[in-house]
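**Student:** The following comprises the amino acid sequence and a computationally predicted model.
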Amino acid sequence: MKILPLVWNVNLGRQQSPVNNHTDYSQQRLSLLKNPQNDVFERSSISFKGERPEDVPASRAPLEKLYKYHLTCLCCGREMIEPEEIQKLANSGVLRCNAPEAIEILNKYEGNMHSVEKEVFGILKENAKKYPDLNFQQILTLIKDEHEKPLIATQFGIFKMIEKASENINPELRKEIKELIEEEKQLILEGNNQFRRKRFVNKFEQILSGRKNSATKEHLIRLANKLPTAYEDKNAFIVKYSTKPADAIGIRLLSYSMCTIEHVRPKNPKTTNGENHLFNYIPECMRCNSFRQDRPMIQQLEEHPEMFFNAQRLMNRLVDFANRGKLSKWYIVKIQDRVKQESEGLLDLNIDSLNMSRKMRREYAKLQEDPVEPKFTVDDEMAELRAIYRPKTTADTTAETLDETNNKIYNKKRTSKNKNKNTEDTPKKKTNKELKREQIKKLHQAKYGNKKPETRRR
């Protein structure tokens, strides 16, 4: 048996890739990229072996290099589109063509689109067969009227609910709300997309800003936020983008599925300290990223329970990249702990498949032993965050009033008991009858001594 010398040959185990194979991502062969087993990495000059956590650069560049492998979203689980692809489509202007040609370009991205964008894309497909000479903007203008009627009905219905819910508040405040609603109704009926939902919600919140926090105020703000938006309602999308250029409509169908970088700990100086560091970044689609803003991750979990599965699927993919040397292994350890902390221990992702060194395993075990600190504290700022995160209901307010009344009754009884105790110690004031009886006893003792007075026989 011939024993080979222990010398590593760089060419061993390396595939000789022919020209135009699946490592050439310029052709955008999504069918091959969708399978994680087909991920083949070119050799990089960056090495993550033997590094320390403090040596890992804070840049998001390592995650941005993974965009081309079509990662799935942390929250919704949808496969995301590389930003460079969307940018190329926007710069080239190829979507300014007629609808059938633009649909051929966008067909391969249909699986990446969110639900509303997919519905609108299906409507554009149907109308492109009827009107092949029209572009996206012309088709939306043509079908705008039939989609505007249900949108107006929904908007006016929510306005009625707001007026009904504001009957019991201050008359002056109710008058301001009614005037604002009448102005916005007039803008809606005039058409030409003059109504702006965001502007109305901001004005509405300004009117209610002087009022104390109550269940009625929170209920009114929730009703105002239920007005249809272009990312939740297909009718609102069609009405809003019927005045936009054809290529802008096509880009909008893809933009919310674009891969972006999310701060796991939100960057909000008032409540949290979300630093700009690789250990605080994780991939997420543009829609989920913009929806979360600076809200706590636990609220995102409540709104999207499917995140428990989708986050683990993304983490498995990132662990695979780290094992292949494309991502720092310390990033996996640190981001797992950061996600666990921000979700208050609910989202505990499994990274057992990560090939860790002894030092890394000790650090990981130490992080697992540390208790997860609760996100909310007794501070005033965190109390405001808790009020936003868990709004009070009418049941809560009634329970609070009942507690207050019970406390008042309890305190009243307690004070009365204390008064009785104090009065026992202090001498009581005698009545006139008691004083007369004492005088009679004194006179009897002076006349008869200790003899008992004779009583009459019956």
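**Tutor:** Ah, there it is.

**Student:** now the strands for the chain?
**Tutor:** Across the chain, reading from the start of the chain, the strands by DSSP state E fall at 259-263, 281-285.

**Student:** elements contacting the first one?
**Tutor:** Secondary-structure packing of strand 259-263 (3 or more C-beta pairs under 8 Å, 6 or more residues apart in numbering; DSSP states H and E): strand 281-285, helix 286-292. C-beta coordinates here come from the backbone N, C-alpha and C atoms, glycine included.

**Student:** can you redo these as a markdown table with distance to Ile261 and mean neighbour count?
**Tutor:** Putting the helices and strands packed on strand 259-263 into a markdown table (distance: least, C-beta to C-beta, whole Å; neighbours: other C-beta atoms under 10 Å) gives the following:
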| stretch | distance to Ile261 | mean neighbour count |
| --- | --- | --- |
| strand 281-285 | 5 | 24 |
| helix 286-292 | 8 | 19 |
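
**Student:** Out of those, which gets nearest to Asn91?
**Tutor:** In terms of C-beta to C-beta, the element of the helices and strands packed on strand 259-263 nearest to Asn91 is helix 286-292, at 18.3 Å.

**Student:** Indicate which one of the helices and strands packed on strand 259-263 is closest to Gly157.
**Tutor:** Checking the helices and strands packed on strand 259-263 against Gly157 by C-beta to C-beta gives helix 286-292 as the closest, at 23.8 Å.

**Student:** Show me which residues of stretch 66-83 are buried.
**Tutor:** The neighbour-count check on stretch 66-83 (16 or more other C-beta atoms under 10 Å) flags 66-67, 69-82 as buried.

**Student:** Just the terminal-to-terminal distance for it.
**Tutor:** Taking C-alpha to C-alpha, to the nearest Å, the span from the opening residue of stretch 66-83 to its closing residue is 11 Å.

**Student:** Could you list the residues in contact with that stretch?
**Tutor:** Residues from elsewhere that reach stretch 66-83, judged by C-beta atoms under 8 Å, 6 or more residues apart in numbering: 25, 30, 33-34, 39, 84, 109, 111-112, 114, 254, 257-260, 262, 282-285, 287-288, 292, 300, 304, 306-307, 309-311, 313-314, 317-318, 321, 326-327.

**Student:** buried subset of those?
**Tutor:** Neighbour counting by 16+ other C-beta under 10 Å classes 33, 39, 109, 112, 114, 254, 257-260, 262, 282-285, 287-288, 292, 300, 304, 307, 310-311, 314, 317-318, 321, 326-327 among the contacts of stretch 66-83 as buried.

**Student:** Let me know the average pLDDT across stretch 210-223.
**Tutor:** With pLDDT averaged residue by residue, stretch 210-223 scores 84.

**Student:** Now do it: distance to the chain's middle.
**Tutor:** The chain centroid and the centroid of stretch 210-223 are separated by 20 Å under C-alpha atoms, centre = their mean, to the nearest Å.

**Student:** List the buried residues for it?
**Tutor:** 215-221, 223.

**Student:** Flag the shaky bits of this structure, pLDDT-wise.
**Tutor:** Low-confidence regions of the chain, defined here as pLDDT under 70, cover residues 1-50, 269-272, 370-429, 447, 449-458.

**Student:** can you pull out the helices in the stretch 301-450 of the chain?
**Tutor:** For the stretch 301-450 of the chain, applying DSSP state H, counting those that start in this stretch gives helices covering 307-323, 329-342, 358-369, 380-389, 394-425, 432-448.

**Student:** just the angle between the first one and helix 329-342, please?
**Tutor:** Just to be clear, that refers to helix 307-323. What separates the directions of helix 307-323 and helix 329-342 is an angle of 160 degrees, with axes from the mean of the first three to the mean of the last three C-alpha atoms, to 10 degrees.

**Student:** between helix 307-323 and strand 281-285, how big is the angle?
**Tutor:** Following the same axes, to 10 degrees, one obtains 120 degrees for the angle between helix 307-323 and strand 281-285.

**Student:** same for helix 307-323, what does it pack against?
**Tutor:** Other elements packing on helix 307-323 under the criterion 3+ C-beta pairs under 8 Å, 6+ apart are helix 297-303, helix 329-342.

**Student:** Using PDB, write out the CA atom coordinates for the longest one.
**Tutor:** In other words, helix 329-342. This file holds the C-alpha atoms of helix 329-342, laid out as PDB (Å, rounded to 0.1, in the frame of the first residue of the first chain):
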ATOM      1  CA  LYS A 329     -19.400  31.400  11.800                       C
ATOM      2  CA  TRP A 330     -19.300  34.000  14.600                       C
ATOM      3  CA  TYR A 331     -22.100  35.800  12.800                       C
ATOM      4  CA  ILE A 332     -24.300  32.700  13.100                       C
ATOM      5  CA  VAL A 333     -23.600  32.400  16.900                       C
ATOM      6  CA  LYS A 334     -24.200  36.100  17.500                       C
ATOM      7  CA  ILE A 335     -27.300  36.500  15.300                       C
ATOM      8  CA  GLN A 336     -28.900  33.400  16.900                       C
ATOM      9  CA  ASP A 337     -28.500  35.000  20.300                       C
ATOM     10  CA  ARG A 338     -29.700  38.400  19.100                       C
ATOM     11  CA  VAL A 339     -32.900  37.000  17.600                       C
ATOM     12  CA  LYS A 340     -33.600  35.000  20.800                       C
ATOM     13  CA  GLN A 341     -33.100  38.200  22.900                       C
ATOM     14  CA  GLU A 342     -35.300  40.300  20.700                       C
END
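
**Student:** Show me what it packs onto, helices and strands only.
**Tutor:** Packed against helix 329-342, as judged by 3+ C-beta pairs under 8 Å, 6+ apart, are the following elements: strand 281-285, helix 297-303, helix 307-323, helix 358-369.

**Student:** and the longest one, how far from the chain's centre?
**Tutor:** Read it as helix 307-323. Helix 307-323 sits 20 Å away from the centroid of its parent chain (C-alpha atoms, centre = their mean).

**Student:** and if you look at the shortest one?
**Tutor:** In terms of C-alpha atoms, centre = their mean, the gap separating the centre of strand 281-285 from the centre of its chain is 14 Å.

**Student:** hey, C-alpha coordinates of that strand in CSV?
**Tutor:** Listed in CSV are the C-alpha atoms of strand 281-285, where the atom choice follows Å, rounded to 0.1, in the frame of the first residue of the first chain:
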residue,chain,number,x,y,z
TYR,A,281,-28.2,42.4,10.4
ILE,A,282,-30.4,39.7,8.9
PRO,A,283,-31.9,39.4,5.3
GLU,A,284,-35.6,40.3,5.0
CYS,A,285,-37.8,41.3,2.1
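
**Student:** Report the strands that pair with it, each with its relative direction.
**Tutor:** In the sheet, strand 281-285 lines up against strand 259-263 (antiparallel) (DSSP bridges).

**Student:** Give me the distance from the strand it pairs with to the chain's centre.
**Tutor:** If you compare the mean C-alpha spot of strand 259-263 with that of the full chain, they lie 14 Å apart, counting by C-alpha atoms, centre = their mean.

**Student:** With distance to Lys88 as extra columns, can I get the strands of the chain in JSON lines?
**Tutor:** Formatted as JSON lines, the strands of the chain follow (distance: least, C-beta to C-beta, whole Å):
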{"stretch": "strand 259-263", "distance to Lys88": "15"}
{"stretch": "strand 281-285", "distance to Lys88": "19"}
